[in-house]
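K.L.:
Take this sequence and fold it.
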Amino acid sequence: MPTAGDKALDSDMILAAQAVLIEHEWQQETVIATTNLRHLARFFTARDWRDIPKAPMLSAVQCLGKGCMMNADDVFRYGHLTLLGAVETFPIDHWDTPGVCGVWSAKDVVAHLASYELATGDAFAGVLGEESSPTLGLLVSQGEAFNEPQVAQRRGQSPEETLAEYAAAHERAAALLARIPLDQRRQAGIIAWYGPEYDLEDLITYMSYGHKREHSAQIAEFCCRIGDTAG
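P.N.:
Numbers count the residues shown, from 1 in each chain. Here you go, the predicted model:
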């Protein structure tokens, strides 16, 4: 059963199909990290990405049994570039149009990711023993209740201001990450709130890269929908 209309790009089905191919090729358990369990769990094993640290899964640095080691800086940058690519040609007249992710608009999604980018940078700062903003503390203490207030407090921004805040948060986080030694990045339990068996590269894979990929797909799918309507 499809999860989108006849004239829409069904990004859920595309993501599920990619997961099936990856699992078949690598012969390893594969899980889709998402917040859209209602749709994706119908076709493939899916978990809320916020619950993944509590599940017994392979460390991201094991590269699903391939024996390769990930480059965390590259993965962090790829997620960033994926989002920038998704918004590069987004119609300016629709930045505030609801429906990209539930009732959120594209600007709301970028605002949401800006708040998470600030929290990610705070996590990196903590590993380095440096002062951080209150954002990570709010995320850890509030859980899902963190999301709506963070988006709401940015609604007065223009799209350009929201993108600039996100980009600045990313550059700050990337600069902090570059200073963290490899052994610390792969030290299980170094981020206490994320789970004792998980390291910094797991956080980058799930909370940063996977999160941006999911929302970027939603932005792209929304562009297809409004394009079909305009046509």
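
K.L.:
which regions of the protein sit below the pLDDT cut-off?
P.N.:
Per-residue confidence for the chain (pLDDT under 70) gives these ranges: 1-15, 17-18, 21-28, 35-37, 40, 49-70, 228-231.

K.L.:
Looking at it, which helix is longest?
P.N.:
Longest helix of the chain, by residue count under DSSP state H: helix 106-127.

K.L.:
Could you identify the helix or strand that succeeds that one?
P.N.:
Per DSSP states H and E, helix 106-127 leads on to helix 135-142 as the next helix or strand towards the C-terminus.

K.L.:
ok, back up a step: so the longest helix of the chain versus helix 135-142, what angle?
P.N.:
If you take axes from the mean of the first three to the mean of the last three CA atoms, to 10 degrees, helix 106-127 sits at 100 degrees to helix 135-142.

K.L.:
buried ones in helix 106-127?
P.N.:
By neighbour count with 16 or more other CB atoms under 10 Å, helix 106-127 contains the buried residues 106-127. Bear in mind the C-beta positions are built from the backbone N, C-alpha and C, glycine included.

K.L.:
Could you pull out the strands in this structure for me?
P.N.:
With strands called from DSSP state E, the chain shows them at 32-34, 46-48.

K.L.:
Which one, of those strands, ends up nearest to Thr82?
P.N.:
Thr82 lies closest to strand 32-34 among the strands of the chain, at 14.5 Å (CB to CB).

K.L.:
Pull the longest helix of the chain out as CSV, backbone CA atoms only.
P.N.:
Output of helix 106-127 as CSV, limited to C-alpha atoms (Å, rounded to 0.1, in the frame of the first residue of the first chain):
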residue,chain,number,x,y,z
ALA,A,106,10.3,24.0,5.2
LYS,A,107,11.5,26.9,7.3
ASP,A,108,10.3,25.1,10.5
VAL,A,109,12.2,22.0,9.5
VAL,A,110,15.4,24.0,9.0
ALA,A,111,14.8,25.8,12.4
HIS,A,112,14.4,22.3,13.9
LEU,A,113,17.7,21.2,12.4
ALA,A,114,19.4,24.4,13.6
SER,A,115,18.4,23.6,17.2
TYR,A,116,19.8,20.1,16.8
GLU,A,117,23.0,21.4,15.2
LEU,A,118,23.5,23.7,18.2
ALA,A,119,23.0,20.7,20.5
THR,A,120,25.4,18.6,18.5
GLY,A,121,28.0,21.3,18.7
ASP,A,122,27.4,21.4,22.5
ALA,A,123,28.0,17.7,22.7
PHE,A,124,31.4,18.1,20.8
ALA,A,125,32.3,21.0,23.1
GLY,A,126,31.5,18.8,26.1
VAL,A,127,33.9,16.1,24.9
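
K.L.:
And that helix, what does it pack against?
P.N.:
helix 72-87, helix 135-142, helix 147-152, helix 159-178, helix 200-203, helix 211-230 (3 or more CB pairs under 8 Å, 6 or more residues apart in numbering; DSSP states H and E).

K.L.:
let's see 6 Å
P.N.:
Helix 106-127 makes packing contacts with helix 135-142, helix 147-152, helix 159-178 when contacts are defined by 3 or more CB pairs under 6 Å, 6 or more residues apart in numbering; DSSP states H and E.

K.L.:
Now the second one - C-alpha only, CSV.
P.N.:
By that I understand helix 147-152. What follows is helix 147-152 as a C-alpha-only set of coordinates in CSV (Å, rounded to 0.1, in the frame of the first residue of the first chain):
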residue,chain,number,x,y,z
ASN,A,147,11.2,20.3,19.4
GLU,A,148,8.1,22.6,19.2
PRO,A,149,9.4,25.5,21.4
GLN,A,150,12.7,25.6,19.5
VAL,A,151,10.8,25.9,16.2
ALA,A,152,8.3,28.4,17.6
